[in-house]
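Visitor: Below are the sequence and a predicted model for it; my questions follow.
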Amino acid sequence: MSLSFDPARLSLPEGHFIGGRYLPGPDAIEIRAPSDGRILGAIPQADAGTVDRAVEAARTALARSGWADLAPRDRVRALQAWADLIEAEAEDLARIEAVASSRPIAEAVPGDVAILAEQIRFFAEFADKEGGSLVPTGAGRMGMIASEPYGVVGAITPWNFPLSMAGWKLGPALAAGNAVVLKPSEMTPWSTLRLAELSVRAGLPEGLINIVLGDGPNAGAALVAHPGIAKVSFTGSTRAGAAIMENIARSGIKPMTLELGGKSPQLVFADADLDLAADCILRGITANAGQVCVAGSRLIAEASVAEELAAKIAAKMAGIAPGPTWEAATGYSPIISEAQLSRIDGIVQAARAEGAGVLCGGERLDRSGSFYAPTILTGPGADSPAITEEIFGPVLTVETFQTEDEALALARHPTYGLCSGIYTRDLSRALRMTRAIEAGTVWVNRYGRSRDHILPTGGWKSSGLGKDLGREAYLANRRQKSVLIDL
Ligand code: NAD
(Lines give C-alpha, C1' and ligand atoms only; values in the text may rest on other atoms or scores of the structure.)
Protein backbone atom coordinates (compact mmCIF):
# COMPACT_ATOMS: atom_id res chain seq x y z
CA MET A 1 0.00 0.00 0.00
CA SER A 2 1.29 3.48 -0.85
CA LEU A 3 2.39 5.75 1.96
CA SER A 4 0.93 8.80 0.16
CA PHE A 5 -1.81 10.63 2.07
CA ASP A 6 -4.15 13.59 1.75
CA PRO A 7 -3.03 16.40 4.09
CA ALA A 8 -6.53 17.89 4.16
CA ARG A 9 -7.89 14.75 5.84
CA LEU A 10 -5.40 14.62 8.66
CA SER A 11 -6.61 15.22 12.18
CA LEU A 12 -4.06 17.26 14.13
CA PRO A 13 -3.74 17.56 17.91
CA GLU A 14 -4.92 20.84 19.42
CA GLY A 15 -3.42 22.67 22.37
CA HIS A 16 -0.64 22.08 24.87
CA PHE A 17 -0.45 18.58 26.38
CA ILE A 18 -0.33 18.87 30.16
CA GLY A 19 -1.06 16.24 32.79
CA GLY A 20 -2.18 13.76 30.14
CA ARG A 21 -4.73 16.11 28.53
CA TYR A 22 -4.86 18.61 25.71
CA LEU A 23 -5.17 22.17 26.93
CA PRO A 24 -6.40 24.43 24.13
CA GLY A 25 -5.53 28.12 24.05
CA PRO A 26 -6.10 31.06 21.72
CA ASP A 27 -4.48 30.69 18.31
CA ALA A 28 -1.22 32.63 18.32
CA ILE A 29 1.14 31.13 15.74
CA GLU A 30 0.05 30.08 12.27
CA ILE A 31 1.61 26.97 10.75
CA ARG A 32 2.11 26.48 7.01
CA ALA A 33 3.09 23.41 5.03
CA PRO A 34 6.48 24.04 3.41
CA SER A 35 5.49 21.66 0.61
CA ASP A 36 2.91 24.05 -0.87
CA GLY A 37 2.49 26.98 1.52
CA ARG A 38 -1.05 26.03 2.63
CA ILE A 39 -2.11 27.07 6.13
CA LEU A 40 -2.47 23.94 8.25
CA GLY A 41 -3.61 25.47 11.52
CA ALA A 42 -2.38 27.45 14.48
CA ILE A 43 -1.05 26.85 17.98
CA PRO A 44 -1.31 28.78 21.24
CA GLN A 45 1.59 30.55 22.92
CA ALA A 46 2.57 29.27 26.37
CA ASP A 47 3.26 31.95 28.95
CA ALA A 48 4.88 31.62 32.37
CA GLY A 49 1.55 30.41 33.81
CA THR A 50 1.26 27.60 31.24
CA VAL A 51 4.82 26.50 31.94
CA ASP A 52 4.07 26.59 35.66
CA ARG A 53 1.09 24.29 35.12
CA ALA A 54 3.21 21.89 33.10
CA VAL A 55 5.98 21.78 35.72
CA GLU A 56 3.36 21.18 38.45
CA ALA A 57 1.85 18.35 36.40
CA ALA A 58 5.30 16.80 36.00
CA ARG A 59 5.99 17.04 39.74
CA THR A 60 2.62 15.54 40.57
CA ALA A 61 3.22 12.69 38.12
CA LEU A 62 6.57 11.91 39.73
CA ALA A 63 5.08 11.98 43.22
CA ARG A 64 1.98 9.93 42.40
CA SER A 65 3.59 7.32 40.18
CA GLY A 66 6.87 6.95 42.06
CA TRP A 67 8.46 6.81 38.58
CA ALA A 68 11.98 7.48 39.88
CA ASP A 69 11.72 4.72 42.51
CA LEU A 70 10.02 2.04 40.43
CA ALA A 71 11.87 -1.23 40.22
CA PRO A 72 14.13 -0.32 37.26
CA ARG A 73 12.90 -3.29 35.24
CA ASP A 74 9.36 -1.92 35.50
CA ARG A 75 10.57 1.38 34.04
CA VAL A 76 12.19 -0.56 31.20
CA ARG A 77 8.94 -2.41 30.49
CA ALA A 78 6.81 0.74 30.60
CA LEU A 79 9.06 2.54 28.11
CA GLN A 80 9.18 -0.48 25.85
CA ALA A 81 5.37 -0.58 25.76
CA TRP A 82 5.48 3.04 24.56
CA ALA A 83 8.02 2.11 21.86
CA ASP A 84 5.75 -0.76 20.75
CA LEU A 85 2.78 1.61 20.42
CA ILE A 86 4.90 4.12 18.48
CA GLU A 87 5.70 1.36 15.99
CA ALA A 88 2.08 0.28 15.80
CA GLU A 89 1.06 3.90 15.07
CA ALA A 90 4.05 4.58 12.81
CA GLU A 91 2.06 5.68 9.76
CA ASP A 92 -0.21 8.07 11.64
CA LEU A 93 2.72 9.57 13.53
CA ALA A 94 4.76 9.91 10.35
CA ARG A 95 1.89 11.66 8.54
CA ILE A 96 1.63 14.23 11.31
CA GLU A 97 5.42 14.63 11.11
CA ALA A 98 5.49 14.97 7.34
CA VAL A 99 2.61 17.39 6.85
CA ALA A 100 4.17 20.41 8.58
CA SER A 101 7.84 19.62 8.26
CA SER A 102 10.43 18.92 5.59
CA ARG A 103 10.40 15.16 6.23
CA PRO A 104 9.13 13.13 3.23
CA ILE A 105 6.66 10.44 4.29
CA ALA A 106 8.74 7.70 2.62
CA GLU A 107 11.66 8.58 4.90
CA ALA A 108 9.64 9.30 8.03
CA VAL A 109 8.03 5.84 8.38
CA PRO A 110 11.02 3.49 8.00
CA GLY A 111 13.48 6.17 9.13
CA ASP A 112 12.47 8.73 11.74
CA VAL A 113 9.68 6.78 13.47
CA ALA A 114 11.43 3.40 13.42
CA ILE A 115 14.64 4.97 14.76
CA LEU A 116 12.68 6.83 17.43
CA ALA A 117 11.15 3.58 18.74
CA GLU A 118 14.56 1.89 18.73
CA GLN A 119 16.14 4.77 20.61
CA ILE A 120 13.49 4.66 23.32
CA ARG A 121 14.19 0.93 23.73
CA PHE A 122 17.94 1.58 23.71
CA PHE A 123 17.69 4.16 26.51
CA ALA A 124 15.13 2.13 28.48
CA GLU A 125 17.69 -0.65 28.77
CA PHE A 126 20.04 1.58 30.78
CA ALA A 127 17.48 1.93 33.57
CA ASP A 128 18.47 -1.34 35.23
CA LYS A 129 22.12 -1.43 34.13
CA GLU A 130 23.62 1.84 35.28
CA GLY A 131 23.86 2.77 38.96
CA GLY A 132 26.17 4.23 41.54
CA SER A 133 29.36 2.75 42.96
CA LEU A 134 31.22 1.94 46.14
CA VAL A 135 34.58 3.68 46.24
CA PRO A 136 37.83 2.99 48.15
CA THR A 137 38.09 4.89 51.44
CA GLY A 138 40.16 4.63 54.64
CA ALA A 139 39.43 1.87 57.17
CA GLY A 140 36.25 2.31 59.22
CA ARG A 141 34.45 4.23 56.49
CA MET A 142 32.28 3.47 53.54
CA GLY A 143 32.17 5.82 50.57
CA MET A 144 29.66 5.59 47.79
CA ILE A 145 28.56 7.58 44.82
CA ALA A 146 24.79 7.49 44.51
CA SER A 147 23.17 8.29 41.18
CA GLU A 148 19.78 10.01 41.18
CA PRO A 149 17.46 11.59 38.62
CA TYR A 150 17.10 15.38 38.47
CA GLY A 151 13.32 15.55 38.80
CA VAL A 152 11.78 17.65 36.03
CA VAL A 153 13.91 18.15 32.91
CA GLY A 154 13.12 20.95 30.45
CA ALA A 155 13.70 20.16 26.77
CA ILE A 156 13.56 22.32 23.64
CA THR A 157 13.73 20.91 20.11
CA PRO A 158 14.19 22.30 16.56
CA TRP A 159 12.04 21.80 13.47
CA ASN A 160 14.35 19.79 11.24
CA PHE A 161 13.72 16.30 12.68
CA PRO A 162 10.94 16.93 15.22
CA LEU A 163 10.31 13.31 16.24
CA SER A 164 13.95 12.22 16.31
CA MET A 165 14.90 15.25 18.36
CA ALA A 166 12.04 14.60 20.81
CA GLY A 167 13.31 11.01 21.12
CA TRP A 168 16.84 12.19 21.87
CA LYS A 169 15.47 14.21 24.79
CA LEU A 170 12.64 12.04 26.13
CA GLY A 171 14.33 8.62 25.90
CA PRO A 172 17.28 9.20 28.24
CA ALA A 173 15.45 11.61 30.58
CA LEU A 174 12.56 9.22 31.24
CA ALA A 175 14.72 6.10 31.44
CA ALA A 176 16.84 7.90 34.03
CA GLY A 177 13.75 8.46 36.19
CA ASN A 178 12.86 12.07 35.34
CA ALA A 179 9.67 13.72 34.11
CA VAL A 180 9.90 16.13 31.16
CA VAL A 181 8.37 19.39 29.99
CA LEU A 182 9.22 19.74 26.31
CA LYS A 183 8.75 22.69 23.95
CA PRO A 184 8.89 21.64 20.30
CA SER A 185 9.61 24.10 17.51
CA GLU A 186 6.68 26.42 16.85
CA MET A 187 6.88 25.37 13.19
CA THR A 188 6.50 21.61 13.74
CA PRO A 189 4.74 20.93 17.07
CA TRP A 190 2.09 18.34 16.21
CA SER A 191 4.05 15.08 15.98
CA THR A 192 5.58 15.73 19.41
CA LEU A 193 2.10 16.25 20.86
CA ARG A 194 0.91 12.95 19.40
CA LEU A 195 4.05 11.23 20.72
CA ALA A 196 3.20 12.43 24.24
CA GLU A 197 -0.41 11.32 23.80
CA LEU A 198 0.81 7.86 22.79
CA SER A 199 2.88 7.66 26.00
CA VAL A 200 -0.31 7.95 28.05
CA ARG A 201 -2.14 5.47 25.84
CA ALA A 202 0.76 3.07 26.37
CA GLY A 203 0.38 3.34 30.14
CA LEU A 204 3.08 5.84 31.13
CA PRO A 205 1.90 8.10 33.97
CA GLU A 206 -0.16 11.14 32.95
CA GLY A 207 2.05 14.19 33.38
CA LEU A 208 5.32 12.35 32.94
CA ILE A 209 5.60 14.02 29.52
CA ASN A 210 4.17 17.51 29.11
CA ILE A 211 4.33 19.56 25.93
CA VAL A 212 4.10 23.34 25.97
CA LEU A 213 3.70 25.19 22.68
CA GLY A 214 4.98 28.54 21.50
CA ASP A 215 8.04 30.34 20.25
CA GLY A 216 11.53 30.61 21.72
CA PRO A 217 11.60 34.10 23.22
CA ASN A 218 8.28 33.51 25.05
CA ALA A 219 7.51 29.86 25.77
CA GLY A 220 11.12 28.62 25.46
CA ALA A 221 12.54 31.35 27.69
CA ALA A 222 9.83 30.79 30.34
CA LEU A 223 10.59 27.07 30.38
CA VAL A 224 14.34 27.51 30.76
CA ALA A 225 13.93 30.07 33.55
CA HIS A 226 11.35 28.13 35.59
CA PRO A 227 12.80 27.30 39.01
CA GLY A 228 11.12 23.88 38.94
CA ILE A 229 13.15 22.84 35.89
CA ALA A 230 16.25 21.15 37.28
CA LYS A 231 18.12 20.63 34.01
CA VAL A 232 17.80 21.93 30.44
CA SER A 233 18.40 19.92 27.28
CA PHE A 234 18.38 21.96 24.08
CA THR A 235 18.90 21.30 20.39
CA GLY A 236 18.90 24.20 17.97
CA SER A 237 21.00 27.03 16.66
CA THR A 238 24.15 28.33 18.34
CA ARG A 239 22.45 31.74 18.59
CA ALA A 240 19.51 30.35 20.59
CA GLY A 241 21.90 28.19 22.65
CA ALA A 242 23.77 31.33 23.67
CA ALA A 243 20.48 33.06 24.62
CA ILE A 244 19.57 30.03 26.76
CA MET A 245 22.97 30.10 28.51
CA GLU A 246 22.46 33.76 29.28
CA ASN A 247 18.93 33.13 30.53
CA ILE A 248 20.16 30.33 32.79
CA ALA A 249 22.99 32.49 34.11
CA ARG A 250 20.46 35.19 35.05
CA SER A 251 17.53 33.09 36.27
CA GLY A 252 19.39 30.49 38.35
CA ILE A 253 22.27 28.29 37.32
CA LYS A 254 21.37 24.72 36.37
CA PRO A 255 23.01 22.05 34.23
CA MET A 256 22.38 22.15 30.51
CA THR A 257 23.10 20.13 27.41
CA LEU A 258 23.33 22.09 24.17
CA GLU A 259 23.33 20.50 20.69
CA LEU A 260 24.00 23.37 18.32
CA GLY A 261 24.95 24.29 14.78
CA GLY A 262 27.82 23.22 12.55
CA LYS A 263 29.71 23.79 9.32
CA SER A 264 31.06 20.34 8.71
CA PRO A 265 33.96 19.66 6.29
CA GLN A 266 34.26 16.62 4.04
CA LEU A 267 37.94 15.91 3.30
CA VAL A 268 38.58 13.83 0.20
CA PHE A 269 42.06 12.56 -0.65
CA ALA A 270 43.09 11.57 -4.16
CA ASP A 271 43.38 7.87 -3.19
CA ALA A 272 39.73 7.69 -2.03
CA ASP A 273 37.01 5.66 -3.74
CA LEU A 274 35.53 8.68 -5.53
CA ASP A 275 32.21 7.03 -6.36
CA LEU A 276 31.68 6.13 -2.74
CA ALA A 277 32.74 9.62 -1.65
CA ALA A 278 30.37 11.21 -4.19
CA ASP A 279 27.43 9.15 -2.88
CA CYS A 280 28.19 10.02 0.74
CA ILE A 281 28.74 13.72 0.03
CA LEU A 282 25.54 13.86 -2.02
CA ARG A 283 23.52 12.41 0.86
CA GLY A 284 25.38 14.59 3.38
CA ILE A 285 24.19 17.78 1.70
CA THR A 286 20.86 16.83 0.08
CA ALA A 287 19.26 14.77 2.88
CA ASN A 288 16.42 16.90 4.29
CA ALA A 289 17.62 19.47 1.70
CA GLY A 290 20.68 20.21 3.80
CA GLN A 291 18.59 21.17 6.83
CA VAL A 292 20.64 18.90 9.05
CA CYS A 293 22.95 19.97 11.87
CA VAL A 294 25.68 17.66 10.59
CA ALA A 295 25.20 18.60 6.91
CA GLY A 296 28.54 18.04 5.18
CA SER A 297 28.47 21.46 3.57
CA ARG A 298 32.17 22.01 2.77
CA LEU A 299 33.84 19.71 0.25
CA ILE A 300 37.60 20.04 0.73
CA ALA A 301 39.18 17.91 -1.96
CA GLU A 302 42.74 17.16 -3.05
CA ALA A 303 43.30 19.40 -6.08
CA SER A 304 44.04 16.55 -8.51
CA VAL A 305 40.55 14.99 -8.03
CA ALA A 306 38.41 17.98 -7.05
CA GLU A 307 36.97 18.68 -10.49
CA GLU A 308 36.15 15.04 -11.26
CA LEU A 309 34.53 14.55 -7.85
CA ALA A 310 32.46 17.75 -8.00
CA ALA A 311 31.22 16.74 -11.47
CA LYS A 312 30.16 13.32 -10.17
CA ILE A 313 28.21 14.92 -7.30
CA ALA A 314 26.60 17.47 -9.64
CA ALA A 315 25.47 14.65 -11.97
CA LYS A 316 23.86 12.83 -9.06
CA MET A 317 22.17 16.03 -7.85
CA ALA A 318 20.29 16.15 -11.14
CA GLY A 319 18.45 12.96 -10.09
CA ILE A 320 16.70 14.40 -7.03
CA ALA A 321 12.95 13.86 -6.71
CA PRO A 322 11.31 16.93 -5.12
CA GLY A 323 7.66 16.81 -4.19
CA PRO A 324 5.18 17.35 -1.38
CA THR A 325 6.18 15.54 1.79
CA TRP A 326 2.88 13.64 1.68
CA GLU A 327 3.63 11.87 -1.60
CA ALA A 328 5.39 8.53 -1.35
CA ALA A 329 7.59 9.23 -4.40
CA THR A 330 9.14 12.34 -2.84
CA GLY A 331 12.83 11.98 -2.12
CA TYR A 332 13.87 15.61 -1.81
CA SER A 333 12.60 17.94 0.91
CA PRO A 334 11.18 21.45 0.79
CA ILE A 335 12.90 24.24 2.73
CA ILE A 336 11.01 24.76 5.98
CA SER A 337 9.90 28.35 5.28
CA GLU A 338 10.10 31.15 2.72
CA ALA A 339 12.23 33.13 5.18
CA GLN A 340 14.78 30.32 5.36
CA LEU A 341 14.75 29.93 1.56
CA SER A 342 15.48 33.67 1.16
CA ARG A 343 18.38 33.38 3.58
CA ILE A 344 19.87 30.45 1.64
CA ASP A 345 19.49 32.27 -1.66
CA GLY A 346 20.98 35.45 -0.17
CA ILE A 347 24.17 33.60 0.79
CA VAL A 348 24.39 31.93 -2.63
CA GLN A 349 23.86 35.18 -4.55
CA ALA A 350 26.40 37.01 -2.36
CA ALA A 351 29.01 34.31 -3.09
CA ARG A 352 28.21 34.53 -6.79
CA ALA A 353 28.56 38.33 -6.75
CA GLU A 354 31.98 37.91 -5.13
CA GLY A 355 33.08 35.67 -8.01
CA ALA A 356 32.21 32.12 -6.90
CA GLY A 357 31.28 29.70 -9.70
CA VAL A 358 27.94 27.85 -9.73
CA LEU A 359 28.46 24.28 -10.92
CA CYS A 360 24.77 23.46 -10.48
CA GLY A 361 21.66 24.88 -8.84
CA GLY A 362 21.96 28.35 -7.37
CA GLU A 363 18.25 29.11 -7.46
CA ARG A 364 14.86 28.05 -6.14
CA LEU A 365 13.17 25.23 -8.01
CA ASP A 366 10.47 26.28 -10.45
CA ARG A 367 7.49 24.65 -8.73
CA SER A 368 5.06 25.48 -5.93
CA GLY A 369 6.32 25.25 -2.36
CA SER A 370 9.64 26.30 -0.85
CA PHE A 371 12.13 24.19 -2.80
CA TYR A 372 15.78 25.11 -3.46
CA ALA A 373 17.92 23.38 -6.08
CA PRO A 374 20.88 21.36 -4.82
CA THR A 375 23.77 23.74 -5.36
CA ILE A 376 27.53 23.48 -5.77
CA LEU A 377 29.61 26.66 -5.41
CA THR A 378 33.22 26.58 -6.52
CA GLY A 379 35.93 28.90 -5.30
CA PRO A 380 34.15 31.15 -2.78
CA GLY A 381 36.66 33.29 -0.85
CA ALA A 382 37.74 32.12 2.60
CA ASP A 383 35.73 34.91 4.23
CA SER A 384 32.58 34.36 2.18
CA PRO A 385 29.52 33.58 4.35
CA ALA A 386 29.10 30.52 2.10
CA ILE A 387 32.28 29.16 3.72
CA THR A 388 31.93 30.54 7.23
CA GLU A 389 28.19 30.41 8.06
CA GLU A 390 25.86 27.49 8.66
CA ILE A 391 23.59 27.80 5.61
CA PHE A 392 21.13 25.05 6.62
CA GLY A 393 20.24 24.36 3.01
CA PRO A 394 21.38 22.20 0.06
CA VAL A 395 24.52 24.21 -0.72
CA LEU A 396 27.92 22.55 -1.06
CA THR A 397 31.08 24.64 -1.43
CA VAL A 398 34.26 23.28 -3.02
CA GLU A 399 37.79 24.13 -1.86
CA THR A 400 41.03 22.39 -2.77
CA PHE A 401 44.28 21.44 -1.07
CA GLN A 402 47.67 19.94 -1.93
CA THR A 403 48.88 18.66 1.44
CA GLU A 404 47.40 17.19 4.62
CA ASP A 405 48.35 20.32 6.53
CA GLU A 406 46.49 22.49 4.04
CA ALA A 407 43.47 20.20 4.29
CA LEU A 408 43.45 20.49 8.07
CA ALA A 409 43.88 24.26 7.98
CA LEU A 410 40.88 24.58 5.65
CA ALA A 411 38.79 22.17 7.72
CA ARG A 412 39.36 24.08 10.93
CA HIS A 413 36.41 26.40 11.59
CA PRO A 414 37.04 29.18 14.11
CA THR A 415 33.89 28.42 16.12
CA TYR A 416 32.08 25.27 14.91
CA GLY A 417 33.25 21.69 15.56
CA LEU A 418 30.25 19.43 15.12
CA CYS A 419 31.19 16.81 12.58
CA SER A 420 33.55 15.90 9.73
CA GLY A 421 34.05 13.34 6.98
CA ILE A 422 37.32 11.81 5.73
CA TYR A 423 37.66 9.78 2.54
CA THR A 424 40.89 7.85 1.90
CA ARG A 425 42.07 4.27 1.43
CA ASP A 426 45.17 4.98 3.52
CA LEU A 427 44.49 3.75 7.06
CA SER A 428 47.38 5.64 8.64
CA ARG A 429 46.25 8.88 7.06
CA ALA A 430 42.66 8.28 8.17
CA LEU A 431 43.84 7.83 11.75
CA ARG A 432 46.16 10.86 11.59
CA MET A 433 43.33 13.05 10.32
CA THR A 434 40.82 11.60 12.77
CA ARG A 435 43.10 12.67 15.61
CA ALA A 436 43.87 16.09 14.23
CA ILE A 437 40.34 17.18 13.34
CA GLU A 438 38.50 19.34 15.88
CA ALA A 439 34.99 17.88 15.86
CA GLY A 440 32.73 15.86 18.12
CA THR A 441 32.17 13.25 15.38
CA VAL A 442 34.38 11.95 12.57
CA TRP A 443 33.02 9.66 9.86
CA VAL A 444 35.56 7.81 7.73
CA ASN A 445 34.53 6.57 4.28
CA ARG A 446 30.87 7.15 5.21
CA TYR A 447 28.76 10.15 6.15
CA GLY A 448 25.87 10.01 8.60
CA ARG A 449 24.90 8.17 11.75
CA SER A 450 24.32 4.45 11.82
CA ARG A 451 21.66 2.85 13.98
CA ASP A 452 24.32 2.18 16.62
CA HIS A 453 22.83 4.51 19.19
CA ILE A 454 25.73 3.84 21.55
CA LEU A 455 27.86 6.44 19.76
CA PRO A 456 27.27 9.77 21.52
CA THR A 457 26.63 12.83 19.42
CA GLY A 458 27.54 16.40 20.29
CA GLY A 459 29.73 19.22 19.11
CA TRP A 460 33.02 20.74 20.16
CA LYS A 461 33.60 24.46 20.51
CA SER A 462 30.45 26.52 19.80
CA SER A 463 28.71 23.47 18.33
CA GLY A 464 27.63 22.32 21.75
CA LEU A 465 27.98 21.26 25.31
CA GLY A 466 27.52 17.65 26.43
CA LYS A 467 26.19 14.72 24.44
CA ASP A 468 22.93 13.27 23.16
CA LEU A 469 22.67 9.55 22.36
CA GLY A 470 24.98 6.93 23.85
CA ARG A 471 25.53 6.06 27.49
CA GLU A 472 26.62 9.67 27.99
CA ALA A 473 23.09 10.94 27.32
CA TYR A 474 21.64 8.60 29.92
CA LEU A 475 24.25 9.60 32.50
CA ALA A 476 23.66 13.29 31.74
CA ASN A 477 20.11 12.81 33.00
CA ARG A 478 21.23 11.67 36.44
CA ARG A 479 23.20 13.54 39.07
CA GLN A 480 25.73 12.15 41.49
CA LYS A 481 25.64 12.34 45.26
CA SER A 482 28.76 11.45 47.29
CA VAL A 483 28.00 9.62 50.53
CA LEU A 484 30.58 8.95 53.24
CA ILE A 485 29.64 6.84 56.28
CA ASP A 486 31.72 6.29 59.40
CA LEU A 487 31.08 2.71 60.35
P1 NAD B 1 16.41 27.59 16.59
O2 NAD B 1 17.56 27.78 17.49
O3 NAD B 1 15.85 28.76 15.89
O4 NAD B 1 15.18 26.97 17.42
C5 NAD B 1 15.30 25.75 18.11
C6 NAD B 1 14.32 25.72 19.24
O7 NAD B 1 14.71 26.68 20.21
C8 NAD B 1 12.89 26.07 18.85
O9 NAD B 1 12.00 25.28 19.61
C10 NAD B 1 12.79 27.53 19.25
O11 NAD B 1 11.47 27.94 19.52
C12 NAD B 1 13.64 27.55 20.50
N13 NAD B 1 14.23 28.84 20.86
C14 NAD B 1 14.67 29.82 20.05
N15 NAD B 1 15.15 30.85 20.77
C16 NAD B 1 15.02 30.51 22.07
C17 NAD B 1 15.31 31.15 23.30
N18 NAD B 1 15.84 32.38 23.33
N19 NAD B 1 15.04 30.52 24.46
C20 NAD B 1 14.50 29.28 24.45
N21 NAD B 1 14.18 28.62 23.31
C22 NAD B 1 14.44 29.22 22.14
O23 NAD B 1 16.81 26.43 15.60
P24 NAD B 1 15.96 25.81 14.40
O25 NAD B 1 15.98 26.79 13.29
O26 NAD B 1 14.67 25.29 14.90
O27 NAD B 1 16.87 24.52 14.02
C28 NAD B 1 17.99 24.62 13.25
C29 NAD B 1 19.23 24.71 14.11
O30 NAD B 1 19.29 23.59 14.98
C31 NAD B 1 20.49 24.64 13.27
O32 NAD B 1 21.43 25.58 13.75
C33 NAD B 1 20.99 23.21 13.51
O34 NAD B 1 22.37 23.04 13.32
C35 NAD B 1 20.57 22.99 14.92
N36 NAD B 1 20.50 21.55 15.20
C37 NAD B 1 21.53 20.97 15.89
C38 NAD B 1 21.53 19.59 16.14
C39 NAD B 1 22.67 18.93 16.86
O40 NAD B 1 22.56 17.77 17.21
N41 NAD B 1 23.78 19.61 17.10
C42 NAD B 1 20.45 18.81 15.67
C43 NAD B 1 19.43 19.43 14.96
C44 NAD B 1 19.47 20.81 14.73
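Guide: Done, it's in.

Visitor: domain ranges for this structure?
Guide: Residue ranges for the domains of the chain, per automatic domain parsing: 7-260+464-486, 265-452.

Visitor: For those, give me a markdown table that also has mean pLDDT and distance to the ligand.
Guide: All C-beta atoms are positioned from the backbone trio N, CA, C, and that covers glycine. Output for the domains of the chain, formatted as a markdown table (pLDDT from 0 to 100; distance: least, Cβ to the nearest ligand atom, whole Å):
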| stretch | mean pLDDT | distance to the ligand |
| --- | --- | --- |
| domain 7-260+464-486 | 97 | 2 |
| domain 265-452 | 97 | 3 |
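
Visitor: Residue 444: neighbouring residues, count only.
Guide: Using other Cβ atoms under 10 Å, residue 444 is surrounded by 16 other residues.

Visitor: any idea how far it lies from residue 171?
Guide: Separation of residue 444 from residue 171 (Cβ to Cβ, to the nearest Å) stands at 27 Å.

Visitor: Likewise for residue 95?
Guide: Taking Cβ to Cβ, one finds residue 95 at 22 Å from residue 171.

Visitor: Hmm, residue 479 is touching residue 146, no?
Guide: No - under the criterion of Cβ atoms under 8 Å, residue 479 makes no contact with residue 146, lying 9.4 Å away.

Visitor: Looking at these two now, which is surrounded by more residues?
Guide: residue 479 (16 against 13).

Visitor: what helices or strands is the helix or strand where the more buried one lies leaning on?
Guide: Element membership of residue 479 [criterion: DSSP states H and E] is strand 478-486. Counting contacts by 3 or more Cβ pairs under 8 Å, 6 or more residues apart in numbering; DSSP states H and E, strand 478-486 packs against strand 141-149.

Visitor: Packing partners of whichever helix or strand comes after the strand it packs on?
Guide: Counting by DSSP H and E, the next helix or strand C-terminal to strand 141-149 is strand 152-156. Judged by 3+ Cβ pairs under 8 Å, 6+ apart, the packing partners of strand 152-156 are helix 48-65, helix 162-175, strand 179-183, helix 221-225, strand 231-235.

Visitor: now with 10 Å?
Guide: Using 3 or more Cβ pairs under 10 Å, 6 or more residues apart in numbering; DSSP states H and E, the elements in contact with strand 152-156 are helix 48-65, helix 162-175, strand 179-183, strand 209-211, helix 221-225, strand 231-235, helix 238-251, strand 256-259.

Visitor: Now those in TSV, please, with extra columns for distance to residue 284.
Guide: Shown next, in TSV, are the helices and strands packed on strand 152-156 (distance: least, Cβ to Cβ, whole Å):
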stretch	distance to residue 284
helix 48-65	37
helix 162-175	17
strand 179-183	28
strand 209-211	31
helix 221-225	32
strand 231-235	19
helix 238-251	20
strand 256-259	18
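
Visitor: out of those, which comes closest to residue 473?
Guide: Set against residue 473 and scored by Cβ to Cβ, those come closest in helix 162-175, at 4.2 Å.

Visitor: Centre of the chain to the closest one, how far?
Guide: On the basis of Cα atoms, centre = their mean, to the nearest Å, helix 162-175 sits 10 Å off its chain's mean C-alpha point.

Visitor: Show me which parts of that helix are buried, residue by residue.
Guide: Residues of helix 162-175 classed as buried by neighbour count (16 or more other Cβ atoms under 10 Å): 162-175.

Visitor: what's the answer for stretch 356-369, then?
Guide: Those buried within stretch 356-369 under the rule 16+ other Cβ under 10 Å are 356, 358, 359, 360, 361, 362, 364, 365, 369.
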